[in-house]
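Enquirer: Dropping a prediction and its sequence here:
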Amino acid sequence: MDNATTATATISPDVASSLSAEVRSVLSTLLSFSALGDWAKLLILGGLLETCRRLLFRCRDATARMFWVTATFDAHDYPYRWVLYWLSRHPVWKRARTVEVSTRSFGLGGMTDDDDDGIESTTSRCLSYLPKLEDTYSLWYKRRYMIVQREEKSAGFYNMRECLEISILSMDRSILQSLIDEARQSYKEAERKVVSVFSADTGSKWKLMTSRPKRPLSSIILEPGIKELLINDARDFLSSRKWYADRGIPFRRGYLLYGPPGTGKTSMIQSIAGELGLNVYIVTLSRAGMDDSSLNELISNMPNQCIALMEDIDAAITGVARDLSEPVAAEPPFLAGGSSDEKAAIAKALHNEGKRNDSQSRLSLSGLLNALDGIGAQEGRILFATTNNYQVLDPALCRPGRMDLHVEFKLASRYQAESLYKCFYMPEGPDDAADEHVDEGYESKRDSIDSDEPDSEPQSPSVSEDMPLLLLSPSASQQVTEAPRPPPFKTLQPGQRKPALPNQFLSHREALTLATRFSEAIPEGEMSMASLQGYLMRYKSRPREAVADAIAWVKKERAAKKDQK
Ligand SMILES: Nc1ncnc2c1ncn2[C@@H]1O[C@H](COP(=O)(O)OP(=O)(O)OP(=O)(O)O)[C@@H](O)[C@H]1O
């Protein structure tokens, strides 16, 4: 080996010199060709030119950056929603020749035809015109030239992320802030008409699930004083931050609404959220994988002023599954008003979210108590918890400070049944002469019905004695249904009063009379409001039949309940 190395070392100077001589001769031969020399010069010149071009472009971009304000909005963030909503309201899209036509609601729920802000619509959903993906648009904002571009950027393997880029020709950076503020303001304005409902995803992050039109408080029918008690208490709480701070009391309030299913607990919460302009954050305690730490994380991730809703709080802690045999709500809470597709999607999401998986449920009572009033509990939040099993709740959970106000929701009283009937059929507008006319016609017919065929409804022995009797018989109801039709539609003269609108075939007086009769047919505290609502829904345009068939329906309901036992 040593010999070989020595041999190479001895030969290498000769080889090197011969090689360099050869290279030199090749190079001189090559350079002797004039074309190659020219190519080399071109190469150097081209390189120089390209470098200059790049420098120039860099200078241009740097200079341009001084005159432009540019912002990027990520589709997963709130500002994106604000700006896109604001853009969709911009008149420029009415003139643009390439647009994206969308029914997206920007998290504002289904905007309907009645919506003032709707641009145009064909079905119950409002159409929005949006900048098309990968297209560039120019428009003016406060006399500044603005460029808008919506694009999809790659975010890892097979993952695209939508974003929006806005550039405004201005050296004043505050113009961007002004645009964002304006977009946020217009979004908030639109949001004022709806209640946004958030739920947690598997990573314990809140995500907007849906937005629902506000439910008027007047549509919730409870015994007098209950609604007022709740809404006034919540209002008073929200305006007492300083009072709480001065006394060192944690600024939170908890309400426990309890009672049988379908008595209006969720509806009441939805309505209060609308009245107070708060969003609802649903905490599904029975969600698979929910444990003490994820509940804590969820609660501390809530915004400061919001409604936290824990439904069926007993089931989460005691493992008591709710009684699903009870009458189901006509529409799932918080989903009322959406399209059927949307409802199905949300219902499925809620279902998956709330799927019980006891093997994975690691939530303890102390974890829940800590989350409610521990260090992570949010200041200014209102907690609403609902339960069908008040008795099984742990006293620690119900103590003041956690659940400050306990309100019982009972099965429907006669007063509620009567109010619900009026809510369904009472004609809008004043009780005018035309009404009186129709009313008199009906009254005279009814009187004769009552006197001619008194009480022909067969009384079943299964109906208890305390059950009030309905005066109209099925045959009478048949005649009543054919009672005088509303007067033909007339054109209004200036100054003339509007005729009574929907349910026009009932006058005020008749509606009142029928409402009383209906309430007499409904046994006190036996039916839920949800089941009454379901019943009346079936008679949406047949108010008289609704009264006439009420007794038979009650009997059927009682029999069905008996069978279930
Ligand atoms: N007091 C009420 N006034 C008006 N509507 C009511 C009332 N109670 C129930 N409803 C109607 O019944 C349906 C179900 O009501 P809701 O979901 O609020 O009942 P709930 O008490 O929360 O039931 P659950 O305990 O099963 O959650 C809703 O569509 C609602 O409109």
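Expert: It's in. It should be emphasised that the depicted structure is a prediction, and the values quoted were computed from it without experimental measurement. Numbering: from 1, shown residues only.

Enquirer: other SSEs contacting the strand or helix carrying residue 422?
Expert: Element membership for residue 422 (DSSP states H and E) is helix 414-425. When contacts are defined as 3 or more CB pairs under 8 Å, 6 or more residues apart in numbering; DSSP states H and E, helix 414-425 sits against helix 508-521, helix 529-538, helix 543-548. No exception for glycine: its C-beta is placed from N, CA and C like everyone else's.

Enquirer: out of these, nearest to residue 307?
Expert: Proximity to residue 307, assessed across these by CB to CB, is greatest for helix 529-538 (21.4 Å).

Enquirer: what packs against that closest one?
Expert: Secondary-structure packing of helix 529-538 (3+ CB pairs under 8 Å, 6+ apart): helix 414-425, helix 543-548, helix 550-564.

Enquirer: relative orientation of it and helix 414-425 in degrees?
Expert: 30 degrees (axes from the mean of the first three to the mean of the last three CA atoms, to 10 degrees).

Enquirer: Please list the residues of the stretch 101-250 of the chain that sit near the ligand.
Expert: 220-222 (CB under 6 Å from any ligand atom).

Enquirer: Just the buried ones from those?
Expert: The neighbour count (16 or more other CB atoms under 10 Å) marks 220-222 as buried among those.

Enquirer: Now do the buried residues in stretch 540-553.
Expert: By 16+ other CB under 10 Å, the buried positions in stretch 540-553 come out as 542-553.

Enquirer: Let me know the closest of the residues of the stretch 101-250 of the chain next to the ligand to residue 128.
Expert: Residue 128 lies nearest to residue 220 out of these, by CB to CB, at 32.2 Å.

Enquirer: contacting residues for that closest one?
Expert: By CB atoms under 8 Å, 6 or more residues apart in numbering, residue 220 lies in contact with 227, 264, 267-268, 271.

Enquirer: out of those residues, what pair is the most spread apart?
Expert: Of all pairs drawn from those, the greatest distance, 10.8 Å, lies between 227 and 267 (CB to CB).

Enquirer: With neighbour numbers in mind, choose between these two.
Expert: More neighbours surround residue 267 than the other of residue 227 and residue 267, with 24 against 20 (other CB atoms under 10 Å).

Enquirer: The protein: strands as residue ranges?
Expert: Applying DSSP state E to the chain gives strands spanning 68-74, 100-102, 120-121, 126-130, 136-141, 144-154, 160-169, 194-200, 206-213, 253-258, 280-282, 307-310, 382-387, 405-408.

Enquirer: For residue 270, see how far away the nearest residue to residue 277 once chain neighbours are set aside is.
Expert: Among residues not flanking residue 277 along the chain, residue 192 sits closest, at 6.6 Å (CB to CB, 6 or more residues apart in numbering). Remark: distance between residue 192 and residue 270 (CB to CB, to the nearest Å) = 15 Å.

Enquirer: and the two? which has more neighbours close in?
Expert: Per other CB under 10 Å, whichever of residue 192 and residue 270 has more neighbours is residue 270, with 26 against 12.

Enquirer: Against the ligand, how distant is residue 289?
Expert: 23 Å (CB to the nearest ligand atom, to the nearest Å).

Enquirer: Repeat that for residue 13.
Expert: Residue 13 is 98 Å from the ligand, by CB to the nearest ligand atom.

Enquirer: Check residue 44 too.
Expert: Taking CB to the nearest ligand atom as the measure, residue 44 falls 81 Å from the ligand.

Enquirer: and if you look at residue 136?
Expert: Separation of residue 136 from the ligand (CB to the nearest ligand atom) stands at 47 Å.

Enquirer: Run through who's touching stretch 293-309.
Expert: Stretch 293-309 is contacted by residues 200, 204-206, 238, 269, 272-273, 276, 278-283, 285, 363, 367-368, 370-372, 374, 376-386 when judged by CB under 8 Å, 6+ apart.

Enquirer: Looking at those residues, which are in helices?
Expert: Members of the contacts of stretch 293-309 lying in helices (criterion: DSSP state H): 238, 269, 272-273, 276, 367-368, 370-372.

Enquirer: Close to the ligand: what parts of the stretch 351-500 of the chain are there?
Expert: Going by CB under 6 Å from any ligand atom, the residues of the stretch 351-500 of the chain near the ligand are 386, 388, 409.

Enquirer: burial of the second one, as a residue count?
Expert: Using other CB under 10 Å as the criterion, residue 388 is surrounded by 22 other residues.

Enquirer: Next, it: phi, psi?
Expert: Backbone torsions of residue 388, given as degrees, to the nearest 10, read phi -100, psi -10.

Enquirer: State the distance from it to residue 314.
Expert: Distance from residue 388 to residue 314, by CB to CB: 7 Å.

Enquirer: Tell me how the chain divides into domains.
Expert: What automatic domain parsing lists as the domains of the chain is 66-191, 194-408, 414-487+496-564.

Enquirer: quick one: the longest one to chain centroid distance?
Expert: Taking CA atoms, centre = their mean, to the nearest Å, one finds domain 194-408 lying 15 Å from the centre of the chain it belongs to.

Enquirer: Noted, bye for now.
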